[in-house]
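*Asks:* can't give you the sequence, but here's the structure:
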């Protein structure tokens, strides 16, 4: 009963539903009607698609940086010892990770729309309507809002594990708060920062939901292009090629980041 | 940073995270389609319960969540036990395959399964939804059971065999109770992932068989609709109650364990 063979059902499952679908992406991106072609990749070189790729990387990067800048102080506050009720606050920060991101994004969309809550408050104050939605700013806002907890948690975990005596030693040796932060705390928290950056950058790069709800179809990202190929244009070949490019970027980023600092140095999410 | 500033910052973050959700809940009781308060009503809830499409989507969401979390937990638990026994390159390859669904973007999982199902000529519907949900849940089950196996003392199992237990009996009485917390955690994660999933379901839904998030997405694209607020309120409240319940139980357990020490 306690044997390797217990894993066989999973191996069969993984072969059919994990490995085979990925091979299908590779196949469809290179073959059309059984003939080898690079047409799908050539098509991606058109300005429209390259611009969408650059826009995706740009927006995902900006959101990652904003998340980091907002999350690091929060993680520091939560990990400091004099903070009361920090378990409850941490739970509240992490709780939205378990809530449907579609609904949470919709909640902001209904606040920010042209006839939404914020505009009706502004209207009551005789301030002219503001167009919040349907631009890069709204999409970045949505990304930050959705993925923020993924940045807080790994940084918090790492900060909690830092040996207090190292920080005290730094003070004893005459370093002030800023130097201690720069030379001791920040370097020691890097694994958490890197995990957090990956956890935010990846979903932000590949989203198509946030752009659809907050960008109103005006901001086209790489995820939207893939979605379009499979739901409307029905060009599986091109969709597969774009997915391949996306996967290569994801794997490239992952291996680059994990080389710089190992993922399992305590920065993990679980 | 002074104490006041710290508190203010934490409050600001929590406000950003919860204000829209709270307002959504408030407006689900609003007696107007516009986001201006004009009296209390339960109309949107009545509309929601009478909406056949929403009812059906709710039923499918539950069926899919129960069956897929069950499937993923069984396959994943046995897989974790089997993989735990392996060594060397075989184990490495299998663990790397297990990480694929964790690392690849949702959209890629969604479209790759969609292509597989259309190549296999499987009709899109309940089966494709359940299979795709099992697929993205299994890795989480494996990763939550594996640590428990590592902590377990293998000698206990051998002792049970030496004392005359059959392998099946020893498994049931020795191994299973040891890894049970990991199995339950995995099942819970799988269930929540299934209810929450939008992207993978979006590509693998049937013409009629769709889950609640997909139904909401279709409604949200048509514009403001307070019925969505009512559905969201119920979904948010359910998740919050489940999570707080689990957390309180875990805290109590920790207290009991501490008291025993």
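*Replies:* Looks like it came in fine. These figures come from a predicted structure and were not determined experimentally. Numbering: from 1, shown residues only, chains lettered A, B, ... in the order given.

*Asks:* touching, residue A:21 and residue B:119? I think so.
*Replies:* No: if you go by Cβ atoms under 8 Å, residue A:21 and residue B:119 don't touch, sitting 9.2 Å apart. C-betas here are computed from N, CA, C, even on glycine.

*Asks:* more neighbours, these two?
*Replies:* A count of neighbours by other Cβ atoms under 10 Å in any protein chain shown puts residue A:21 above the other of residue A:21 and residue B:119, at 23 against 14.

*Asks:* what about that one, distance to residue A:177?
*Replies:* Counting by Cβ to Cβ, to the nearest Å, the gap from residue A:21 to residue A:177 is 52 Å.

*Asks:* how many residues are close by residue A:237?
*Replies:* 20.

*Asks:* name the nearest residue to residue 30, ignoring sequence neighbours.
*Replies:* Picking chain A for this. Closest residue to residue A:30 apart from its sequence neighbours, by Cβ to Cβ, 6 or more residues apart in numbering or on different chains: residue A:36 at 6.0 Å.

*Asks:* chain B was what I was after
*Replies:* In space, residue B:30 is closest to residue B:37, 5.9 Å off (Cβ to Cβ, 6+ apart).

*Asks:* right, and residue B:109 touches residue B:102 too?
*Replies:* No: assessed by Cβ under 8 Å, residue B:109 is found out of contact with residue B:102, at 10.0 Å.

*Asks:* neighbour count winner among those two?
*Replies:* Per other Cβ under 10 Å, whichever of residue B:109 and residue B:102 has more neighbours is residue B:109, with 25 against 12.

*Asks:* how much space separates the more buried one from residue A:62?
*Replies:* Between residue B:109 and residue A:62 the distance, using Cβ to Cβ, works out to 26 Å.

*Asks:* which residues of the stretch 151-261 of chain B lie near chain A?
*Replies:* With Cβ under 8 Å from any Cβ of the partner chain as the criterion, the stretch 151-261 of chain B comes near chain A at residues B:157, B:167-168, B:170-171, B:175, B:192, B:195-196, B:198-199, B:203, B:213, B:216-217, B:220-221, B:224, B:228-229, B:232, B:235-236, B:239-240, B:243, B:247.

*Asks:* does residue B:206 sit in a helix, a strand or a coil?
*Replies:* Three-state assignment for residue B:206 (DSSP: H, G, I helix; E, B strand; the rest coil): coil.

*Asks:* check contacts around it.
*Replies:* B:123-126, B:128-129 (Cβ atoms under 8 Å, 6 or more residues apart in numbering or on different chains).

*Asks:* ramachandran angles for it?
*Replies:* phi -90, psi 180 (degrees, to the nearest 10).

*Asks:* from residue B:97, how far off is the residue of the stretch 51-200 of chain B found nearest chain A?
*Replies:* Residue of the stretch 51-200 of chain B nearest chain A, by Cβ to the nearest Cβ: residue B:82 (2.6 Å). The gap separating residue B:82 from residue B:97 is 13 Å, by Cβ to Cβ.

*Asks:* now swap in residue A:188 and tell me
*Replies:* Distance of residue A:188 to residue B:97, computed by Cβ to Cβ: 33 Å.

*Asks:* now for chain A, the helix or strand with the poorest mean pLDDT.
*Replies:* The least trusted helix or strand in chain A, going by mean pLDDT, DSSP states H and E, turns out to be helix A:117-124, with a mean of 76.

*Asks:* for it, the distance to its chain's centre please.
*Replies:* 31 Å (Cα atoms, centre = their mean, to the nearest Å).

*Asks:* buried sites along the following helix or strand past it?
*Replies:* Using DSSP states H and E, the helix or strand that follows helix A:117-124 in sequence is helix A:136-161. For helix A:136-161, a neighbour-count test (16 or more other Cβ atoms under 10 Å in any protein chain shown) marks A:138-159 as buried.

*Asks:* returning to that earlier point: hang on, the residue nearest to residue B:30 in a strand?
*Replies:* No: assessed with three-state DSSP, residue B:37 is coil; it does not lie in a strand.
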